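**Student:** My questions concern the predicted model and sequence given below.
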Amino acid sequence: MLHACCLLLPDVPSVLLQFVIVVVDSTDRERISVTKEELYKMLSHEDLKKAGLLVFANKQDVKECMSVAEISQYLKLTSVKDHQWHIQACCALTGEGLCQGLEWMMSRLKSR
């Protein structure tokens, strides 16, 4: 389940809400639809209308996990037009892929 903590904090200035980072459990095919629903709710929030989207596809080291392409397809990321987005394969246990995702985010910040 997604935790939209920034939306629960009304005192956070909207200028600070420049990115949404979503971590998807690539092994959890049953809840990907819940992730999609919550993701689109967040992206439609007024304070996040210009926010970039970084999706980490976690647990890519686990056999039978969904691929980055599958997750992108399930989440319909190609239909996200109002937000720059990136999906990054990762493994939280080893840190693999985390730097690449954050580097994408930093490059978006520099180009603004």
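**Tutor:** That came in fine, so what should we check first? Numbers count the residues shown, from 1 in each chain.
**Student:** Please tell me I have it right and Ile21 contacts Phe56.
**Tutor:** Yes - the pair Ile21 and Phe56 passes the contact test of C-beta atoms under 8 Å, sitting 7.0 Å apart. The C-beta positions use only the backbone N, C-alpha and C, and glycine is treated the same way.
**Student:** okay, the two: which has more neighbours?
**Tutor:** Taking other C-beta atoms under 10 Å, Ile21 and Phe56 do not tie; Phe56 has more neighbours (25 against 13).
**Student:** Tell me where this protein has strands.
**Tutor:** Remark: strands assigned in the chain by DSSP state E are 19-25, 52-58, 85-89.
**Student:** Highest mean neighbour count out of these?
**Tutor:** For the strands of the chain, average neighbour numbers computed from mean count of other C-beta atoms under 10 Å are highest in strand 52-58, which has a mean of 23.
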